[in-house]
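>>> What shape does this take:
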Amino acid sequence: MLVAGAAGETKTEIDQALSFSNDDGAGFHQARNDVAQALEQRNRAGSEDLHAQTLRVTNDLWLHPGFDPAPSYLNTLSANYGLGVFRAPFDVDPEGVRQAINDKVARDTEQLIEELLPSDSIKDDTPLVLTNALYF
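As a prediction, the model looks like this:
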């Protein structure tokens, strides 16, 4: 998700750190979507003979009301990563936003991740927070 919004040296550094190719086109993001869908299809309810198997990924973008990413960025994340977008008044209530983010992640992970963001990690000049959590 970071690659979709990165450019220049930042993108190059992300690509190198994660061993990505320089291809950040639709195929790059679609391949990640295909993997996520394949994994989701492996989820199953428990039975007498099998244990339940659940893998859930949650991806959210928390935006300052005055910060508007390019529509192409939002479209890429929505189409390929199941992104939820939330307006967050970082400048008015950074601690409240932090708690809202932590509450959402806790719900999405069935309380296994209770505090993704520690105290004072959100400041009043924060433009956005991109979260990704995994429940297995």
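>>> Let me know the secondary structure of the most centrally placed residue in the chain.
In the chain, the C-alpha nearest the mean C-alpha coordinate belongs to Asn59, at 2.7 Å (CA atoms, centre = their mean). Assigned with DSSP: H, G, I helix; E, B strand; the rest coil, Asn59 falls in the strand class.
>>> need the contact list for it.
If you count contacts by CB atoms under 8 Å, 6 or more residues apart in numbering, Asn59 has them with 1, 77, 81-84, 130-132. Quick note: C-beta positions are derived from backbone N, CA and C, even for glycine.
>>> Please flag which of these sit within helices.
Taking DSSP state H as the definition of helices, the contacts of Asn59 contribute 77, 81.
>>> Kindly reformat the contacts of Asn59 as TSV containing pLDDT.
Converted to TSV, these look like this (pLDDT from 0 to 100):
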residue	pLDDT
Met1	83
Leu77	86
Tyr81	85
Gly82	83
Leu83	84
Gly84	88
Leu130	94
Thr131	94
Asn132	90
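>>> can you pull up the bridge partners for the residue nearest to the centre of the chain?
Asn132 (DSSP bridges).
>>> Please spell out the PyMOL selection for the buried subset of the contacts of Asn59.
With 16 or more other CB atoms under 10 Å as the criterion, this PyMOL line picks the buried residues out of the contacts of Asn59:
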select buried, resi 1+77+81+83+131
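>>> Go through the contacts of Asn59 and say which is closest to Gln111.
Nearest to Gln111, judged by CB to CB, of the contacts of Asn59 is Thr131 at 15.9 Å.
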